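S.K.: okay, predicted coordinates and the sequence, questions at the end:
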Amino acid sequence: MQGEDARYLKRKVKGGNIDVHPSEKALIVHYEVEATILGEMGDPMLGERKECQKIIRLKSLNANTDISSLARKVVEECKLIHPSKLAEVEQLLYYLQNRRDTLSAKEKKEKSSKPKDPPPFEGMEIDEVANINDMDEYIELLYEDIPDKVRGSALILQLARNPDNLEELLLNETALGALARVLREDWKQSVELATNIIYIFFCFSSFSQFHGLITHYKIGALCMNIIDHELKRHELWQEELTKKKKADILVYPENQTLKKEYEKTFKKYQGLVVKQEQLLRVALYLLLNLAEDTRTELKMRNKNIVHMLVKALDRDNFELLILVVSFLKKLSIFMENKNDMVEMDIIDKLVKMIPCEHEDLLNITLRLLLNLSFDTGLRNKMVQVGLLPKLTSLLGNENYKQVAMCILYHISMDDRFKSMFAYTDCIPQLMKMLLECPDERVDLELISFCINLAANKRNVQLICEGEYCRVYSRLLIMSKITNNSCTEKGLKIDYLDLFHFGLRSRYGIEKKTWLC
């Protein structure tokens, strides 16, 4: 077909089935697009059909949502859904509203422990929509001045954030070479430019098969230099801000002009920190992905990655902290990295995060502390900084109970710390957990922890106080009677239900907890 023969393009969209999203609160609308090129006389010359789908996310859907109103809104706003399907949409929404969370405990744990991908940052979001066919234009922008380089990198980033484009971008050596060159030469000139380009390579780092590409352009080593530089810049900013505060406000507290100047400087500092943390987050995430290879991780260790990460613990950004602590947790399984953390007084920095309002950050921090608690010196430090009562307070929370108990168990192995548990609420909580244990066998960590604590006289006194000792004594006696009676040849107890009723009504003990 000659190009000049084609005169018209006819596009037809046909709606299809509607399904619920398997894991999110969303509807999936299937539809078919039929594109036909018509000749000068209106006759079809070339046609193509493509199956597509649209995801309608329902962020406002909850237990109190008016399903009928929401269904009408969905049908009105989505032109792919015919009004005749209103009843079907309503039924699907009702199903989503009542569907239980299908993630298993293990999947939830893995999901919560993995840091979230960085969101679009300031400088990335531009009004233009990138097109893979215009890559040559975007590459040309990388040879212009800084604003054009920022724009060009932002457009390429739009494409890189779609995994379907990565294979094609991989084949464009000119683009990748230009991006690596601009990052190497101009990263100090613009934080936005550096963030955009590192984010592009981060998109590749999310897939192990592309790690060789990042190594080829030495992006990992460059990221470490950038992180080190930015952390030092932050220290200088803080020093300057502190000096200005002392000079302007403390010396002349009544001078309103100086006070306003300081507030203006502080706002500028906050804006710089926000942009810097965006850069740090995407650079560290790229390094975390590359650290899948232990040889690469060793190279990072030799370039002081642990020192950089521990320094970053002074930040207040939750998402950045989750990433930093996740990285430290991964590194902490090697003795050399753990020793570097000891040098940097990591426990002093982690104690401020126990407890904290952010659930994911608290969870990953506890898991890092668990790794570190295998070291005797670090256990000593944990007690010194006051972690014992803080960890004890988490035993009542189902989300953190297990990992907090494991850390406390490690601390209880040292005789000099056993007596300190008597001055917390730990022992009553453990006794309650023993009685409420739903399984036929008590958790190994729980019973081991109790045995360690029972090696101290004061702890034994607390264990024997109240109803706990009598409950266990009676339970053991009843179990002994039951066992002896049931094992005697030809003898069968007719009163087992009576024993069960007595234990349950007096102590809340079920049959399955009997020591048989």
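M.R.: Cool, the structure landed. Numbers count the residues shown, from 1 in each chain.
S.K.: number of residues surrounding Leu171?
M.R.: 8 (other CB atoms under 10 Å). Every residue, glycine included, has its C-beta placed from N, CA and C.
S.K.: same question for Ala291.
M.R.: 20.
S.K.: what's the closest non-adjacent residue to it?
M.R.: Leaving aside its chain neighbours, Ala291 sits nearest to Glu297 (4.3 Å; criterion: CB to CB, 6 or more residues apart in numbering).
S.K.: that neighbour: how many residues sit nearby?
M.R.: Glu297: 20 neighbours (other CB under 10 Å).
S.K.: and it, how far is that from Phe374?
M.R.: The gap separating Glu297 from Phe374 is 19 Å, by CB to CB, to the nearest Å.
S.K.: low-confidence stretches in the stretch 1-150 of the chain?
M.R.: 1-11, 35-48, 100-126 (pLDDT under 70).
S.K.: now with 80, please.
M.R.: 1-14, 22-24, 33-53, 59, 99-128 (pLDDT under 80).
S.K.: and the chain, by the same measure?
M.R.: In the chain, residues with pLDDT under 80: 1-14, 22-24, 33-53, 59, 99-128, 244-262, 434-443, 463-516.
S.K.: and the strands in it?
M.R.: 6-20, 26-39, 44-57 (DSSP state E).
S.K.: neighbours around the nearest residue to Leu93 once chain neighbours are set aside, how many?
M.R.: What sits nearest to Leu93 in space, not counting adjacent residues and going by CB to CB, 6+ apart, is Ile67, at 5.0 Å. As a burial measure, Ile67 scores 18 neighbours (other CB under 10 Å).
S.K.: go ahead and confirm Ile67 touches Tyr95.
M.R.: No - the criterion here is CB atoms under 8 Å, and Ile67 misses it with Tyr95 at 10.0 Å.
S.K.: if you drop the residues flanking it in sequence, what lies closest to Glu88?
M.R.: Glu88 sits nearest to Ile18 (CB to CB, 6+ apart), 6.3 Å away.
S.K.: where's that neighbour relative to Gly212, distance?
M.R.: In terms of CB to CB, Ile18 sits 42 Å off from Gly212.
S.K.: neighbour count: the two, which is higher?
M.R.: Comparing Ile18 with Gly212 by other CB under 10 Å, the one with more neighbours is Ile18, at 21 against 9.
S.K.: now the helices for the stretch 1-150 of the chain?
M.R.: For the stretch 1-150 of the chain, the helices defined by DSSP state H, counting those that start in this stretch cover 67-77, 86-98, 105-113, 135-141, 146-160.
S.K.: let's have these in CSV, adding distance to Pro355.
M.R.: CSV is the format used below for the helices of the stretch 1-150 of the chain (distance: least, CB to CB, whole Å):
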stretch, distance to Pro355
helix 67-77, 37
helix 86-98, 33
helix 105-113, 16
helix 135-141, 47
helix 146-160, 37
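S.K.: out of these, which is the most enclosed?
M.R.: Most buried of the helices of the stretch 1-150 of the chain by mean neighbour count (mean count of other CB atoms under 10 Å) is helix 146-160; its value is a mean of 22.
S.K.: which residues sit against it?
M.R.: 123-126, 128-130, 132, 134-135, 138-142, 144, 165-166, 169, 175, 179, 182, 186, 189-190, 192-193, 196-197, 199-200, 203-204 (CB atoms under 8 Å, 6 or more residues apart in numbering).
S.K.: which non-adjacent residue is nearest Ser373?
M.R.: Here the residue nearest Ser373, using CB to CB, 6+ apart, is His410, at 4.2 Å.
S.K.: any idea how far the one you found lies from Asp164?
M.R.: 47 Å.
S.K.: likewise Asn459?
M.R.: Distance from Asn459 to Asp164, by CB to CB: 61 Å.
S.K.: what does Asp314 give?
M.R.: Taking CB to CB, one finds Asp314 at 39 Å from Asp164.
S.K.: mind checking which of the two has more residues around it?
M.R.: Neighbour tally, Asp314 and Asp164, criterion other CB under 10 Å: the higher count belongs to Asp314, 13 against 8.
S.K.: touching, the more buried one and Lys349? I think so.
M.R.: Yes - Asp314 lies in contact with Lys349 (CB under 8 Å); the separation is 6.9 Å.
S.K.: tell me what the helix ranked longest in the chain is packed against?
M.R.: Longest among the helix segments of the chain by residue count, using DSSP state H, is helix 256-290. Here helix 256-290 touches helix 191-205, helix 211-216, helix 219-245, helix 294-302, helix 305-312, helix 318-331, going by 3 or more CB pairs under 8 Å, 6 or more residues apart in numbering; DSSP states H and E.
S.K.: mean neighbour count, those helices: which tops it?
M.R.: Of the helices and strands packed on helix 256-290, helix 191-205 is the most buried (mean count of other CB under 10 Å), at a mean of 26.
S.K.: and the contacts of it?
M.R.: By CB under 8 Å, 6+ apart, helix 191-205 touches 118, 121-124, 146, 149-150, 153-154, 156-157, 160-161, 163, 166, 170, 179, 182-183, 186-187, 210-211, 213-214, 217, 219, 223, 226, 275-276, 278-279, 282-283, 285-286, 289-290.
S.K.: recalculate using a threshold of 7 Å.
M.R.: Applying CB atoms under 7 Å, 6 or more residues apart in numbering, the external contacts of helix 191-205 come out as 118, 121, 123-124, 146, 149-150, 153-154, 156-157, 160-161, 166, 179, 182-183, 186-187, 210-211, 213-214, 219, 223, 226, 275-276, 278-279, 282-283, 285-286, 289-290.
S.K.: got the CA positions of that helix in PDB?
M.R.: Provided in PDB are the C-alpha atoms of helix 191-205 (Å, rounded to 0.1, in the frame of the first residue of the first chain):
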ATOM      1  CA  VAL A 191      19.300  17.900  41.800                       C
ATOM      2  CA  GLU A 192      16.300  17.300  39.500                       C
ATOM      3  CA  LEU A 193      18.500  16.300  36.600                       C
ATOM      4  CA  ALA A 194      20.400  13.800  38.800                       C
ATOM      5  CA  THR A 195      17.200  12.400  40.300                       C
ATOM      6  CA  ASN A 196      15.600  11.900  36.900                       C
ATOM      7  CA  ILE A 197      18.600  10.100  35.400                       C
ATOM      8  CA  ILE A 198      19.200   7.900  38.400                       C
ATOM      9  CA  TYR A 199      15.500   7.000  38.400                       C
ATOM     10  CA  ILE A 200      15.800   5.900  34.800                       C
ATOM     11  CA  PHE A 201      18.600   3.500  35.700                       C
ATOM     12  CA  PHE A 202      16.700   2.500  38.900                       C
ATOM     13  CA  CYS A 203      13.900   1.300  36.600                       C
ATOM     14  CA  PHE A 204      16.400  -1.100  34.900                       C
ATOM     15  CA  SER A 205      17.800  -2.200  38.300                       C
END
